[in-house]
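Asker: Have a look at this fold, sequence not included:
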């Protein structure tokens, strides 16, 4: 039962982390690469408005890879803490 709890918690943490990374992808990418989404040039208001768009566009892709990679990583970290 303890292992199942760790697995569910690890999957939830991996999903949340992947959505956060997906939301911050376009603003951070825009800072380094320029292009149409540049937070330094357009201001913070435009940068914050890109976060939901970025999560909507890249969310499914990042969530799939985040769950596949992040769940075992979080599971290992939670197991080490005991």
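Answerer: Perfect, thanks for sending it. Treat the numbers as computed from the prediction; the structure is a model and nothing was measured.

Asker: Output the contacting helices and strands for the worst-scoring helix or strand of the chain on mean pLDDT.
Answerer: When the helices and strands of the chain are scored by mean pLDDT, DSSP states H and E, helix 39-42 comes last with a mean of 74. Applying 3 or more CB pairs under 8 Å, 6 or more residues apart in numbering; DSSP states H and E, one finds that helix 39-42 contacts helix 2-33, helix 44-81. From N, CA and C alone the C-beta is placed, and that goes for glycine too.

Asker: Tabulate the ones you listed (a markdown table), appending mean pLDDT and mean neighbour count.
Answerer: Below are the helices and strands packed on helix 39-42 laid out as a markdown table (pLDDT from 0 to 100; neighbours: other CB atoms under 10 Å):
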| stretch | mean pLDDT | mean neighbour count |
| --- | --- | --- |
| helix 2-33 | 88 | 16 |
| helix 44-81 | 89 | 15 |
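
Asker: for the least confident helix or strand of the chain, which positions count as buried?
Answerer: Buried residues in helix 39-42, counting neighbours by 16 or more other CB atoms under 10 Å, are found at residue 39.

Asker: Would you pull up how far that helix lies from the middle of the chain?
Answerer: In terms of CA atoms, centre = their mean, to the nearest Å, the centre of helix 39-42 is found 22 Å from the chain centre.

Asker: Equivalent analysis for stretch 20-29, please.
Answerer: 8 Å.

Asker: List the residues that contact residue 26.
Answerer: 37, 50-51, 53-54, 57-58 (CB atoms under 8 Å, 6 or more residues apart in numbering).

Asker: JSON lines please, covering those and showing distance to residue 23.
Answerer: Converted to JSON lines, those look like this (distance: CB to CB, whole Å):
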{"residue": "37", "distance to residue 23": "13"}
{"residue": "50", "distance to residue 23": "9"}
{"residue": "51", "distance to residue 23": "5"}
{"residue": "53", "distance to residue 23": "9"}
{"residue": "54", "distance to residue 23": "5"}
{"residue": "57", "distance to residue 23": "10"}
{"residue": "58", "distance to residue 23": "8"}
